[in-house]
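> A structural model of the following input is requested.
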Amino acid sequence: MYPNPALSAGQLALIAVVAVLALAVWLTGVYVAAREPRHRGSGAEVPSLPRHPAEAEDQGRKAALSRP
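Just a heads-up that it's a prediction; the model follows:
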């Protein structure tokens, strides 16, 4: 004889809870990815970083060499 293949009520509830939690996590991820980025006050507060660190070093060297 084969065992009864039916799942218990607790197992079915656990499957439902895991499915709902996974859906909630997925929807939260979609919401966070789709929202607009936060705007900061003025651009003067945050210094801009150079696009390439090597360019910043070259500019620093040029400025140091040009000083008398």
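> Show me what stretch 8-19 is in contact with.
Contacting residues not belonging to stretch 8-19 are listed as L7 [Cβ atoms under 8 Å, 6 or more residues apart in numbering]. Bear in mind the C-beta positions are built from the backbone N, C-alpha and C, glycine included.
> Return the set of buried residues in that stretch.
For stretch 8-19, the neighbour count (16 or more other Cβ atoms under 10 Å) marks no residue as buried.
> Could you pull up the mean pLDDT of that stretch?
Average pLDDT, stretch 8-19: 90.
> Ok, stretch 39-56 next?
When pLDDT is averaged along stretch 39-56, the result is 61.
> Go through the chain and flag its longest helix.
helix 9-34 (DSSP state H).
> Look up how far P5 lies from V17.
The gap separating V17 from P5 is 21 Å, by Cβ to Cβ, to the nearest Å.
> ditto for L21
Separation of L21 from P5 (Cβ to Cβ): 25 Å.
> Next: G29.
When Cβ to Cβ is the yardstick, G29 and P5 sit 35 Å from each other.
> sorry, back to before: okay, L21 and P5: which has more neighbours?
L21 (10 against 5; other Cβ atoms under 10 Å).
> if I look at that one, how far off is G10?
16 Å.
> go on, V18?
Distance of V18 to G10, given as Cβ to Cβ: 13 Å.
> try L23
21 Å.
> just E36 next, same as before
From E36 to G10 the distance is 43 Å (Cβ to Cβ).
> Check R35 too.
Counting by Cβ to Cβ, the gap from R35 to G10 is 38 Å.
> And for H39?
Distance of H39 to G10, computed by Cβ to Cβ: 49 Å.
> And T28, by the same measure?
27 Å.
> Repeat that for W26.
25 Å.
> Just give me the neighbour total for L27.
By other Cβ under 10 Å, neighbour count at L27 equals 10.
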